[in-house]
Each structure stands twice: as structure tokens, then as C-alpha cells.
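# Model the structure of this input:
(2 chains, ligands or ions: 1)
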Amino acid sequence: MKRVVSAMAMLGLGLTALLAQAGAPGAVPDPAASWNHLWRDVLIDLFIIGAVFLAAGLYWVFKYRATREGQVGEGPKLSKMAAISFAAVPAFLFMADDFYLAAKGWTVWNEYRNVPRNALEVKVTGSMWTWSFEYENGVTTIFDPDSKTGDGLVVPVGKPVVLRMNSVDVVHSFFLPEHRVKEDLMPGRVTYLWFQPKAVGETIATCSEYCGNRHSFMWTKVKAVPQAEFDQWLANMKKGGQGA
Amino acid sequence: MSTASSGFKLSEWIFTTDHKRIGILYLIGSIAAFALAGIMALLIRIEQSSPGATIVSDVYTGGEQYNVWLYFHGAAMILGFLIPGLTGFAANYLIPLMIGAKDVAFPRINALSVWLFWAGIVVALLTFVVPDKPDFMWTGYPPYSIKSGGNLALYVFTVHLIGFSSILASVNFLVTIIYMRAPGMGWMQLNMFIWGSFTALIIQLVFVPVLAAAVTLLLFDRYLGTHFYDPSNGGDVLLYQNLFWFYSHPAVYVIFLPAMGIFYEIYATMAKNRIFNYKAAVYGMIGIVVVAGEVWVHHLYYSGMPDWIRIGQMVTTLLISVPVGLMTISMFGTLYKGAITFNIPMYYGVAALYLLLIGGLTGIPLAMTVMAVHLGETSFTHAHFHFIMGIFATFSVFAAVDFWFPKISGRMLHVGRAKVGFWLNFIGVNVTFWPLFIIGVDGMPRRYWDYSQFPAYFADYHKVATIGAFIVAVGMIITVSNWLFSAISGEKAGNNPWGSKSLEWTHTETPPGPGNFPKDVVVDAEWTPYNYSR
Ligand SMILES: [Cu+2]
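As a prediction, the model looks like this:
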């Protein structure tokens, strides 16, 4: 019992240390990179648990095969103390792992939900089955997945982008697979997500909440360009009569 | 007069109040639903095997066909197969036999339950007849379900009929387990399947009414012009999602707990062993009842819910691993120092050990809010719940039929065919769902039939998954046809071919006659269904 208590205290300390580490100031947050990192940690965690159980299970299955007719198992009849320990110790270990994962998950979650102050704000409107993007100066863009024309979402590299999102009809979900993030859009609420475009290039965003016939086709190009090019593009769009 | 020797009279089956026959009626209905939903799965897999329109008409209207397959597959598998297969067939056939009762507490209500279930299946089948086929998934989220041209009433009435059937069955079996146990049978002497069913039925009784209310409001919004889910008139879109998952997450346990119970029975019998740390497993099951109602928000991790509840329910969701872990340890531990015989039920038992691990562990990242923000609604999620809900639970129904087959039919299963069926099923599900895990992590969304916006290699993984689905289909056809074949021409079974210590084997004829037990069952304080070595 004493050992359990001291182990619990150790875990408490460990958790505090872990939480203290969270959100170290200075560094530019990069949620997608944190996600990838955490995903690797989680996989290792799962792999260890899975391997231990599977190895034990398979070993026992082969080791304890009946060798003669009428043989019966000799599984232990646990004493009260043993029964409690066999429940309490694993329960404690599982809980420790849960809190460890929860603490790690929470740290990254905070990155996901705390929008950097310098973020570029874009308004996203979902409708069956198009995304439209409205910039602060009133410029609006869309992308047509059938003809593959239109600019879609254009963002500057190196600047965080926050999307304020709403739907005019049914529930949609704005999913940026490359950026490891999604959030639903629905009528009656404004939701948000933010991401950090890191490199020049084209990626996609696609609807991930079922919305009917053309659900699979509700996607858009997401184009990350250098800041200067972005500024120019936005100015040209404005001049071209957009968002007057 | 036993059920086998009386000859077949249809009216006897229609008007039966015998729990064993009612159980078989549930089995027939749920296997029918399984077969149809399985055909839908094959259509879905063929369509996904390449991007663009593979078998649907074209890229503009193809969704109208594909989405109906998705709807029917989900609704029929869960409401028509898994829940009735476990809390209908298995509960009906086994609960009275395992506790030494002559029948259930309310046999006529039991008959009503099964026919309500059949009515639900018939209403669900109208999907293929009506012109306005439902296309809003088994979840029926508004506003889509209200705006959709699909027939919402069919969906709601299916839920009503099957839900009403479930509520009646829950009351019936809870009363049966509480009041009709054989004299001398204490709570800590019950079969694990009884505990699994008991806890599942409590959950069912508490939560099904919430689902019924949620879909009824949907019906009102669509046809009576109310605005419960319409934000432009003061309603709320998320209200439905909350109500729906408040039921539908616990529904996972309505399936999971009896499925675990079945595997405990098989493990204990085939290893001739006592359940390792029986009480910890029982408290684990009770623990699930306690947490079942506090975790639904993990289905809404990216639905715009307040951040505090997304984090709060991450913790409760992760904590499910504690009761499930205890149950798993006691399941694995039952093998320890056992005297294991390998036969078909045990094949499924060993497969279950693997499925439980894969399905359970892949649930852990999905329990973590931030991980789910990427993995949710991708084919990773889809593969996760197919491993645990789809395959683990389906294997439990198949294992149950195989394990109790001698008791139910009076004949032994043809082993060779059953083995071929098993291996095809087991290999097929892995070939189907591993590729979906992988492209899910890369971003493949669920419920898509076109995915041209994604890298070309996605199509290769989808093709492999489609091949896997057809391997399963062949396995299932062999498995189910083997039941029919064996029921007619199998070798005659003795009363207790597995040498079990559980009442349904030790105290009944094969198959059990009306009233179940030739003599009233009384057990002493030493008795347990697992007392192989005292
Ligand atoms: Cu959409």
C-alpha cells in the first residue's frame, strides 16, 4: 500500500512538471508539428501496451493447451488481497497512462485553441457544396472542384491563419489534412480553427461532415504563397472589382 | 416433447412465447439484416475501389445512390444486427437457461418485443421501395436530415419500433435476472454473460428513451414545422448531436458488454478454468455503466462545443480504459494455467483477443481531443470502430452461435467448413481495415465515394480493402450456410459436448424442451458456472 502511495506521489510530481513545460514562451507554435510529435508518442505507448497483452495472450494460449483427456485448468483462486491488488495495480497503471496522455493532449490542444495575435483572419462560409472565403478587405474567393478553377483559400507563408466559420445550410466540417486540423461549421454558430502555413505550395481542404449528394466533392485548393505575393494578390483582387 | 421432435408448424413459431424460439426468431431477423447490410458494404467497397464514379451513375448524381447504401449499412448493422443479435438472440436464448429459470418474467411481452423488432426490420426495408430513399446516415444529423429529400419518417419509425422493442426487452430481462435466478444463486455466482447482459440492459433502458426523444423532435421539425434544431428560429443544431450521442455512445456498450460476456463463457469453458479475478471483471462492467453517460462529447470533439467540455470528456473517455482494462486482464487471465481445447468457438475467442486489442487501443488517440481533431471522420475512425464494434462484436455473435450450436440445434457443427469460414473472415477483415487505418492517418475522409483530391496511392489502399471485403463475404456465406447445413445433417450432439459447468449445459436436454429444465434447479453456495477445479 505504501508503495502505491509513493508511486502516486511520483506521478503527481511528474504530471506537474509536464504541465509546467506546456506552452513554453518564445517559440512560434506549430500545431501540426506538435500533432505529429504527439502521434508518434501515442503510437509508441499503444504499441507497448498492445505488444505486452498480445504476447502474454498468445503465449498462454499455446502454453496452456490441454494435453490429456479430462484435464481441468488450475487458474489461481485469488485471496482477497491478491484480487484487490490485481485490480488496483493495473487500474492505477491504466489511470497513470490516461493522465499522462491527457496531459500531453491538453498541452497540444492549448496550441490548437490559442490563436496567435498576429493571425490573418479569413471568414469561411460553407454551403452545399462550396466553400467561400472572405478576406478582411472584403475580397471573396471560391474554388470550383469540377473545373478546378478559382483561387480558393490563399494564405501567406509564415503567418498564422485563423478561420472564422459558419454554414448557411447544413453541418459541414473544414478539414485541412496537411495541417492536422478540422472543425465543424453550422448555422447559428461561428466556430474557428487556426493553422500555420509553413511552405509555399498547394494543399487541400475538404468537407468531413456528411452533407449530402456532393459531399465528396466539397473541397478547395489551399495555396500558400510568400507574403509579398500574397499582399499583391489581395490588392489585385480588390482592384479587380472584388469586395468593393 | 422437445422443440426438435415436434415437427415444424409456422403458427407455433408466430405465436410462441418460449424464450428459446423467440431467441431464434431474433437470430433469423438479425442475420437477415446482417446479410443485407453486408451487401451494402460490398457496394460501398466496390464504389470506393477507384476514385470517380465506379458503379454509381455519374459524379453529379452518384451520391444519391451511394449515400443510401451508407445509410442502410449503418442503420441495419447497428439497429438490425448487433443490438438484436446480442440483446435479442443471445440474451433470449441464454439468460433463462443460465440462471436456471423456466422462461423470462413476461413471456408475452417478450413475444411483442421480437415482433416489434421484425416490424422495425420491415419498415427499414421499405428504404428500397420508396422513391425518396433516406440518405442521411444512421446518425440522421439535422439540418441535413430535415432539408434532405430522403424519407425521414422511415428512419424515425424504424428507431421507434426497434427502440420500443429494446425497452420492453430490457425491463423483461432485468426483472428476470433479478427475480428468477435459481434458489441459492447469488450475484457473485452468475455467468459473465449474465453480467454483461445485465449491465448492457441497464444502459439500454436508461438511454434508448433519449434517442427516441431526439428523433421524434426531428420528425416534428420536418413534418410539423417545429424548430427544435433550427437556429434561425431559436433552435440549436448541436442539441440533436448531443442527444443522439448521449444514447449512441452508451449503445456501444450495449453491444460490447454482452460480446465480452460471450467470450468469457467460451474462454472459461474451453480452458476449463475459473474466470481470473471474477469480481474485478464484474466491477469493470459496472464501472462501464457508471461512465457510459459521461463520455458522449468525444463524438463532438470538433463540432464547436465549448473547450472545457471537450477537455473534460477527454479525461472521462480515457478513463474508460480502466474498467475495460480490468475486463481485458480477467479475460486474458482466464487462459492462464488453463487446459485449453482449440475448437471453432475458441478460434473466434483467440481472434477476439487480437480484435479487442486493436480496436480498443486505436480508440485511445480518438479519445484524445487533439488527436481526434485530425483523425476523427477519417477512415482511421471508421477502421477503429469496425474493429471493435463491427468485427469484435460480429465475431461474438458468430462465436455464440457456434458455441451454443449443439444446444440450440441438437447437432454438432461441421468443423471443416466452419474453420474455412473462420479463416476467410479473419483474414478478410484485416485485409479490409488495415489499409483504411493507414490512409485514414493520411486524411482519407469517411463517407466519400470520390477522393480525386487526394494522392493517387489512396486508390491502391482502397482496392486492397475492397478485395478484403470480398474475402469476408465468402467467409460469411460459408459460415452461415454451414449453420443451416449442420442443423439438418450434423452429427447428433450430447447434452454437454464441451464439458461445461454452466447450467444450460449441465441441467438441460439437448435441445432444451419447454420449461427448459426437467427438474427445478437449485444450486448451493459452492456452485459457480466455472467450478472446474474447486
Ligand atoms: Cu459539406
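
# need the next SSE after the lowest-mean-pLDDT helix or strand in chain A, C-terminal direction.
Least confident helix or strand of chain A, by mean pLDDT, DSSP states H and E, is helix A:2-21 with a mean of 50. Where DSSP states H and E defines the elements, the next helix or strand beyond helix A:2-21 is helix A:31-63.

# for the helix or strand following that next one, packing partners?
The helix or strand immediately downstream of helix A:31-63 is helix A:80-113, counting by DSSP H and E. In terms of contacts (3 or more CB pairs under 8 Å, 6 or more residues apart in numbering or on different chains; DSSP states H and E), helix A:80-113 is packed against helix A:2-21, helix A:31-63, helix B:278-292, helix B:307-319, helix B:321-333, helix B:369-375. To be clear about C-beta, it is placed using only N, CA and C from the backbone, and glycine gets the same treatment.

# There's contact between B:Ile31 and B:Val480 in this structure, I believe.
Yes. Between B:Ile31 and B:Val480 there is a contact at 6.4 Å, judged by CB atoms under 8 Å.

# Neighbour count: these two, which is higher?
A direct count of neighbours by other CB atoms under 10 Å in any protein chain shown for B:Ile31 and B:Val480 places B:Ile31 higher, at 22 against 16.

# In contact with B:Phe263, which residues are there?
Neighbour list for B:Phe263: B:331, B:349, B:352, B:396, B:399 [criterion: CB atoms under 8 Å, 6 or more residues apart in numbering or on different chains].

# In a markdown table, list the residues you listed along with distance to B:Glu526 and pLDDT.
Converted to a markdown table, the contacts of B:Phe263 look like this (distance: CB to CB, whole Å; pLDDT from 0 to 100):
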| residue | distance to B:Glu526 | pLDDT |
| --- | --- | --- |
| B:Met331 | 24 | 93 |
| B:Gly349 | 27 | 95 |
| B:Ala352 | 30 | 94 |
| B:Ser396 | 30 | 97 |
| B:Ala399 | 29 | 96 |
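
# For A:Pro156, state which of the residues you listed is nearest.
The closest of those to A:Pro156 turns out to be B:Ala352 (CB to CB; 52.2 Å).

# On the pLDDT front, check the spatially closest residue to the closest one that is not a sequence neighbour for me.
The shortest distance from B:Ala352 to any non-neighbouring residue, by CB to CB, 6 or more residues apart in numbering or on different chains, is to B:Phe263 (5.0 Å). B:Phe263 is assigned 97 on the pLDDT scale.

# Repeat that for B:Gly293.
88.

# Count the residues that sit near it.
16.

# circling back to that earlier point, could you report the separation of the residue nearest to B:Ala352 from B:Lys337?
Note on B:Phe263: its distance to B:Lys337, by CB to CB, to the nearest Å, is 18 Å.

# ok, now B:Leu257?
26 Å.

# Please apply the same query to B:Val315.
B:Val315 is 37 Å from B:Lys337, by CB to CB.

# helix/strand/coil for the closest residue to chain A within the stretch 301-450 of chain B?
Per CB to the nearest CB, B:Gly443 is where the stretch 301-450 of chain B lies closest to chain A, at 2.8 Å. Here B:Gly443 is recorded as coil under DSSP: H, G, I helix; E, B strand; the rest coil.

# Touching, it and B:Thr378? I think so.
Yes. Using CB under 8 Å, B:Gly443 is in contact with B:Thr378, at 6.2 Å.

# which residues do those two both contact?
Residues touching both B:Gly443 and B:Thr378 (CB under 8 Å, 6+ apart): there are none.

# Give me the residue ranges of chain A where confidence is low.
Within chain A, the stretches with pLDDT under 70 are A:1-27, A:241-244.

# interface residues of it facing the ion?
Neighbours of the ion within chain A, by CB under 5 Å from the ion: A:172, A:207, A:211, A:218.

# As CSV, those with secondary structure and neighbour count would be great.
Listed next are these as CSV, based on DSSP: H, G, I helix; E, B strand; the rest coil; neighbours: other CB atoms under 10 Å in any protein chain shown:
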residue, secondary structure, neighbour count
A:His172, strand, 30
A:Cys207, strand, 30
A:Cys211, coil, 28
A:Met218, coil, 26
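
# A:Trp131 touches A:Met218, doesn't it?
Yes. The pair A:Trp131 and A:Met218 passes the contact test of CB under 8 Å, sitting 7.1 Å apart.

# Find the residues that touch each one of these two.
Taking CB under 8 Å, 6+ apart as the contact rule, A:Trp131 and A:Met218 both touch A:Cys207.

# dump the residue contacts of the one residue in the stretch 1-150 of chain B that gets nearest to chain A.
Residue of the stretch 1-150 of chain B nearest chain A, by CB to the nearest CB: B:Gly63 (3.6 Å). Neighbouring residues of B:Gly63 by CB under 8 Å, 6+ apart: A:212-216, B:56, B:135, B:449.

# likewise B:Leu154?
Neighbouring residues of B:Leu154 by CB under 8 Å, 6+ apart: B:123-124, B:126-127, B:130, B:134.

# A:Asn166: which element?
If you go by DSSP H and E, A:Asn166 is part of strand A:161-167.

# could you check whether that strand is close to chain B?
No. Strand A:161-167 is not in contact with chain B by CB under 8 Å from any CB of the partner chain; minimum separation 8.7 Å.

# strand partners of the very next helix or strand once past that strand, parallel vs antiparallel please.
Proceeding N to C from strand A:161-167, the next assigned helix or strand is strand A:172-176, under DSSP H and E. According to DSSP bridges, strand A:172-176 forms sheet pairs with strand A:181-185 (antiparallel), strand A:201-207 (antiparallel).

# residues contacting the nearest residue to B:Phe342 once chain neighbours are set aside?
The spatially closest residue to B:Phe342, leaving aside those adjacent along the chain, is A:Arg65, at 7.1 Å (CB to CB, 6+ apart). For A:Arg65, the contact set (CB under 8 Å, 6+ apart) comprises B:339-342.

# for the residue of chain A found nearest chain B, what are its contacts?
Nearest residue of chain A to chain B, counting by CB to the nearest CB: A:Gly188, 2.4 Å away. Neighbouring residues of A:Gly188 by CB under 8 Å, 6+ apart: B:231-232, B:235-237.

# how much space between B:Ile340 and the ion?
For B:Ile340, the distance to the ion equals 51 Å [CB to the ion, to the nearest Å].

# ok, that residue touching A:Tyr59?
No. Using CB under 8 Å, B:Ile340 makes no contact with A:Tyr59, being 12.0 Å away.

# out of those two, which sits in the more crowded spot?
Taking other CB under 10 Å, B:Ile340 and A:Tyr59 do not tie; B:Ile340 has more neighbours (24 against 12).
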